[in-house]
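**Q** No letters, just coordinates:
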């Protein structure tokens, strides 16, 4: 059986929100958030929102609820700023 690519080869661009969850990063030191945005934009996707949120479940949930109400937003990407730490939470 020969596998052929999908006939629709047009690139798909999506509007993305990037959330860095970190107690220690700032927009200037958030390398993972910066890289995520750069890679998304290089692939032709839009950045709808970028925010740094401390590792506080209520703040993360509040921002996710706000973003989920945005009709033009297609994807939400979360990343950690510094790696796994004892204060990290599991929503």
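**A** All right, it came through fine. Model, not experiment: these values are computed from the prediction. Numbering: from 1, shown residues only.
**Q** Residue 46 contacts residue 18, doesn't it?
**A** No - Residue 46 is beyond contact range of residue 18, at 11.0 Å (criterion: C-beta atoms under 8 Å). From N, CA and C alone the C-beta is placed, and that goes for glycine too.
**Q** Which one's more surrounded, those two?
**A** Using other C-beta atoms under 10 Å, the more surrounded residue of residue 46 and residue 18 is residue 18, with 23 against 13.
**Q** quick revisit: where do the contact lists of residue 46 and residue 18 overlap?
**A** residue 40 (C-beta atoms under 8 Å, 6 or more residues apart in numbering).
**Q** all strands for this protein, in order.
**A** 15-21, 46-53, 75-80 (DSSP state E).
**Q** Can you add distance to residue 31 and mean pLDDT and give the ones you listed back as CSV?
**A** Formatted as CSV, the strands of the chain follow (distance: least, C-beta to C-beta, whole Å; pLDDT from 0 to 100):
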stretch, distance to residue 31, mean pLDDT
strand 15-21, 10, 97
strand 46-53, 12, 96
strand 75-80, 10, 94
